[in-house]
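Peer 1: I would like the atomic coordinates for the input below:
(chains A and B)
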Amino acid sequence: MKRSALALAVLSVVGIAAWAYDVNYRTKEVLGEIDRLRGQISGEREALQVLRVEWAYLNAPERLTRLVARHEAALGLVPMAPERFGHVAEVPYPPQAAPDPLSVAISAAVSAVLASREAEREAASDPAGRKTLPPVRPSPGVRND
Amino acid sequence: MLPLPEEPAPAVAGRPVAPARPGRGQAEARMRDDWRLMLVIAAFCLVYATVGVRMGMMALSDPEEPRLSQGSQGSKPVRGAIADRNGAILAANLPAWSLYARPKELTDPAGTATEVAKILGKPVAEVLASFASPKKFVWVQRPITPRQKAAIHDLGRPGLYFGPRDVRIYPAGRPTAHLVGAVRAAEEGVSFARYAGVAGVEQVMDARLRDPERAGEPVRLSIDLGAQTALREVLAAGMRRFTAKGAAAVIMDVETGEILAMVSLPDFDPNKRPNEIYADQGDDPRFNRAAQGVYELGSTFKVLTAAVALETGVAAPETLIETGEAFYHGRRRIRDMHKMPDVMSLTEIVVRSSNVGSAKLVLRVGTPRFREYLKKLGLLSKTGLELGEARQAVPLLPQRWTDLSTITMSYGHGISVSPVHLAAAYATLANDGWPVSPTLLAGAEAPERREGDRVFSARVSRQMAQILRETVRNGTGRRADVPGYEVGGKTGTADKPRPRAEGGGYYRDRVIATFASIFPVSAPRYALIVSLDEPTNREGSRPVREASRTAVPVAGEVIRRVAPLLGLRPLPMALPPADATLTAFADGTAREP
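Peer 2: Residues are numbered from 1 along each chain as shown, chains lettered A, B, ... in the order given. Okay, the predicted model is just below:
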């Protein structure tokens, strides 16, 4: 009884020692990983900072002005002036399109034909018995909203 | 302890080896035991104290992430960035490197010096001299560019080392030179440099910029970089056109006091800040004319005089004042440069800029009340502007403030203030009379409005805005009348004081021409001050120096260029009537009326 307890104790000591050893090394490994990641993060931060400053430098209005002046011919940019602001009242109505001569001729011909038919029909039928057309209603299935 | 009556006092010199007596031996043993006990107690106390102190230290110390410092490149102390109101960076740290050497480790100082000097573009002798130093460690160059670093690295010479070191960069360059200020290394080691601000925003916001907790978030200024650059461009063009010695301009939000653009010319590249010493401060490009310099700003003060007269009720805009003749106050003759009508209304006094009229108005107000109003407008003390230099802008006032001082001040002489002071005063006038304190930090809230702080009533504010508008429409400010922006303003042409060494008094041919304005008058948004130092307009038949021909056209151009950039739309009243526009378009003619 006493011996087995001793053996158990020794075994557990060995087991716990092995576990502690393992944990220790895993911890060291993770710490190494943390170091590496921290290094990487600070490297990335630094790169970001460099890029931010570069962005600011490249977009400095003074530099852009110089570039615009240099590429004046290609870009044709001018400083923003009050006249660049528009007002609704300034927007012209779309100009009336010049009528197409062909369609004018066709519509004239059509109306002439219709007018002559109307005259014929009027002459043929009784003027008092003229039918009135029913009002146009939207079909029930169609929503107009 | 038992008393030991028979114990003699111990001999001082030479302890007698007394034969052991029974009582004495017991007592000695007892003493020894006591002493041992005390020793053990002391040892335990020490151990517990150590443990206690250690525990206390652990409990009190800030939690620290393990392994924070290892593996990170770059210098540790980071200084926060400065950005404009839209987030464009105006100042930031850029990781770079410095080059240092350990002279003892150099195998071939002469050869190394030659090669290094070639890469750095420095004289060989200088590098060699530093290598000959008996010190263990010498700086060779800081900072160096990545290219230089690579080249030196490729030399493969022993004894040369690189240390990470941030450099402070001002990417926006010249336009922001006077705002951002400068830093210098307060502390530096092999692997870091800690900077301290010595000028501008860097100086005033130093603690905030250094705060590691907030290093990630930039200090946002109220400046709009686009407007700032445009303002500088226009002002520089104006300065060249009128061959002025210097120029300054301030654009301020009349409600919050935020400065949207502030330029002082001549300027410099903040990345290569000059450090020459100038005999005359006015010649120093580092001198900030807008916030640091104080000048007599002349007739622009007549507006404030008129406003005070209206507010105190001693006059109304239509009140007539005799202005035809010069008058004497004591022995001093108060007169106008040009012949003025015999009688003018308060409005006309401002529009036509009559010294006599202003003087008579201010005499009605009286010195104590006038002084009180100038104080409320912030013209008697420093501005709270967040610039190291602004602290130097203490208004120059007469030592003894007499009625005569009040009279000369009513037309802007005998009181020197900075353009920022004047901008704040005009902003206060435009802001329905609520006081405005200038600031360079974004997001300033309009201060809480307590009736007791109010300087002018809304009625006076409106009346003065109309008078300023009238000055631009029909008076000296005509050349700044930008259509659609309803500019209102007042010119001021002040003779420059002659230094005492040259005889004192005033120069006859050197002026400071100023135009102080607010726009748009119907709902003021911005106050603009433009000031030119010694301008001359030679475009006409004879040279002219008056502000109406120098500062005013420049201010007009500033408003044309900058107001659209600030998103201010011209008022539709500038547009032609609707049918006129339509006919114009039907004809296919030009857009502009």
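
Peer 1: What is the longest helix belonging to chain A packed up against?
Peer 2: Using DSSP state H, we find that the single longest helix of chain A is helix A:2-58. Under the contact definition 3 or more CB pairs under 8 Å, 6 or more residues apart in numbering or on different chains; DSSP states H and E, helix A:2-58 sits against strand B:89-101. C-beta here means a position set from N, CA and C on the backbone, and glycine is covered the same way.

Peer 1: Starting from the strand it packs on, tell me the next helix or strand along the chain.
Peer 2: helix B:109-120 (DSSP states H and E).

Peer 1: so what does that following helix touch, helix or strand wise?
Peer 2: Against helix B:109-120 (3+ CB pairs under 8 Å, 6+ apart) you get helix B:124-131, strand B:138-144, helix B:146-155.

Peer 1: what's the angle between that helix and helix B:124-131?
Peer 2: On the basis of axes from the mean of the first three to the mean of the last three CA atoms, to 10 degrees, helix B:109-120 is oriented at 120 degrees to helix B:124-131.

Peer 1: hmm, back to that, could you dump the helices and strands packed on helix B:109-120 to TSV with mean neighbour count, distance to B:G477 and mean pLDDT?
Peer 2: Converted to TSV, the helices and strands packed on helix B:109-120 look like this (neighbours: other CB atoms under 10 Å in any protein chain shown; distance: least, CB to CB, whole Å; pLDDT from 0 to 100):
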stretch	mean neighbour count	distance to B:G477	mean pLDDT
helix B:124-131	16	57	84
strand B:138-144	19	50	82
helix B:146-155	14	53	86
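
Peer 1: With respect to B:V487, which of those lies nearest?
Peer 2: strand B:138-144 (47.1 Å; CB to CB).

Peer 1: and the closest one, which strands flank it?
Peer 2: Next to strand B:138-144 in the sheet, as set by DSSP bridges, lie strand B:89-101 (antiparallel).

Peer 1: Tell me where the chain is predicted with low confidence.
Peer 2: I went with chain A, as the question did not name one. Within chain A, the stretches with pLDDT under 70 are A:125-145.

Peer 1: not what I meant, chain B
Peer 2: B:1-23, B:63-77, B:573-593.

Peer 1: right, and the helices and strands packed on helix B:109-120 - which one's nearest B:D481?
Peer 2: Using CB to CB, the nearest of the helices and strands packed on helix B:109-120 to B:D481 is strand B:138-144, at 50.8 Å.

Peer 1: Tell me the gap between that closest one and the middle of its chain.
Peer 2: Between the centre of strand B:138-144 and the centre of its chain there are 31 Å (CA atoms, centre = their mean, to the nearest Å).

Peer 1: looking at the helices and strands packed on helix B:109-120, which is closest to B:R79?
Peer 2: Of all those, it is strand B:138-144 that lies closest to B:R79, at 14.4 Å by CB to CB.

Peer 1: contacts for the closest one?
Peer 2: Contacts with strand B:138-144, where a contact means CB atoms under 8 Å, 6 or more residues apart in numbering or on different chains, come from B:96-101, B:103, B:116, B:120, B:122, B:127, B:130-131, B:148, B:152, B:160, B:162, B:165, B:167, B:188, B:193.

Peer 1: Just want the angle from that strand to helix B:146-155.
Peer 2: Interaxial angle, strand B:138-144 versus helix B:146-155 (the same axes, to 10 degrees): 140 degrees.

Peer 1: Extract the C-alpha set from strand B:138-144 and format it as PDB.
Peer 2: Extracted C-alpha coordinates of strand B:138-144, given in PDB (Å, rounded to 0.1, in the frame of the first residue of the first chain):
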ATOM      1  CA  VAL B 138      30.400  60.200 -32.400                       C
ATOM      2  CA  TRP B 139      27.500  61.300 -34.500                       C
ATOM      3  CA  VAL B 140      28.400  61.400 -38.200                       C
ATOM      4  CA  GLN B 141      25.100  62.600 -39.600                       C
ATOM      5  CA  ARG B 142      21.500  62.700 -38.500                       C
ATOM      6  CA  PRO B 143      19.300  62.000 -40.200                       C
ATOM      7  CA  ILE B 144      20.300  60.200 -43.300                       C
END
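
Peer 1: centre of the chain versus the next helix or strand along the chain from the longest helix of chain A, how much separation?
Peer 2: Where DSSP H and E defines the elements, the next helix or strand beyond helix A:2-58 is helix A:61-70. Taking the mean of its C-alpha atoms, helix A:61-70 sits 29 Å from the chain's own mean (CA atoms, centre = their mean).

Peer 1: pull the CA atoms of the helix or strand just after helix A:61-70 into CSV?
Peer 2: For helix A:61-70, the following helix or strand on the C-terminal side (DSSP H and E) is helix A:72-75. Output in CSV follows, covering the C-alpha atoms of helix A:72-75 (Å, rounded to 0.1, in the frame of the first residue of the first chain):
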residue,chain,number,x,y,z
GLU,A,72,-1.7,73.0,-68.4
ALA,A,73,-2.0,72.0,-72.1
ALA,A,74,-3.3,68.5,-71.4
LEU,A,75,-5.5,69.3,-68.4
